[in-house]
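*Asks:* from the sequence below, what's the structure:
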Amino acid sequence: MDAIKLLKTDHKLVKELLTQLEETSERATKKRATLLHEIQVNLKAHTTIEEEIFYPAFKAAGRKDEAKMYFEALEEHRAAEDLVLPDLLNTDPGSVEFSGRAKVLKELIEHHADEEEKEMFKDAKELLSKEELAELGAQMEARKAEVIASFA
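*Replies:* Numbering: from 1, shown residues only. Just a heads-up that it's a prediction; the model follows:
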């Protein structure tokens, strides 16, 4: 699977999990905990393969605009993964605060994914050949499997 297709598939999965989480009630604490764990694992795997493999290749192939997108994407990862997600993980799943934090995480991820798909991936298709995208995709699939396995 090429790199862009892999990342879009990840985006779709995480968005679906976040939608399911948002639709839960305060009484569904076990379901919330399960969904949150799935989100955490998939988000970590996704951000790892983007930051270690895709983003550096994109930045190296690009111009000044791509470097700007690269650094913006890293900051969006930091906001979601280092600020909002840890707060959510430490919030009682039966609380109203949990619902609010889950919604903020969902909005951050949706904004980030939409921006990547409309801007970064479009540019990447122009800057990188089909062969390069396929090679990146293979590297990313292997690394993603390692990250997911580390949660087991």
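*Asks:* Ile109 is in contact with Leu21, correct?
*Replies:* No. Contact criterion Cβ atoms under 8 Å: Leu21 and Ile109 do not qualify, at 10.9 Å. All C-beta atoms are positioned from the backbone trio N, CA, C, and that covers glycine.
*Asks:* shared neighbours, the two?
*Replies:* Taking Cβ atoms under 8 Å, 6 or more residues apart in numbering as the contact rule, Leu21 and Ile109 touch no residue in common.
*Asks:* verify the stated contact: Leu88 with Lys103.
*Replies:* No. Leu88 is not in contact with Lys103 according to Cβ under 8 Å; the separation is 10.1 Å.
*Asks:* who has more neighbours out of these two?
*Replies:* Per other Cβ atoms under 10 Å, whichever of Leu88 and Lys103 has more neighbours is Leu88, with 22 against 13.
*Asks:* so who does that one touch?
*Replies:* With Cβ under 8 Å, 6+ apart, Leu88 has these contacts: Leu36, Phe98, Arg101, Ala102, Leu105.
*Asks:* just the ones of the residues you listed in helices?
*Replies:* Cross-referencing these against helices under DSSP state H gives Leu36, Phe98, Arg101, Ala102, Leu105.
*Asks:* which strands and helices sit next to the helix or strand of the chain with the lowest mean pLDDT?
*Replies:* Taking mean pLDDT, DSSP states H and E as the measure, helix 64-78 is the helix or strand of the chain with the lowest mean score, a mean of 88. Packing contacts for helix 64-78, counted by 3 or more Cβ pairs under 8 Å, 6 or more residues apart in numbering; DSSP states H and E, involve helix 55-61, helix 96-115, helix 121-127.
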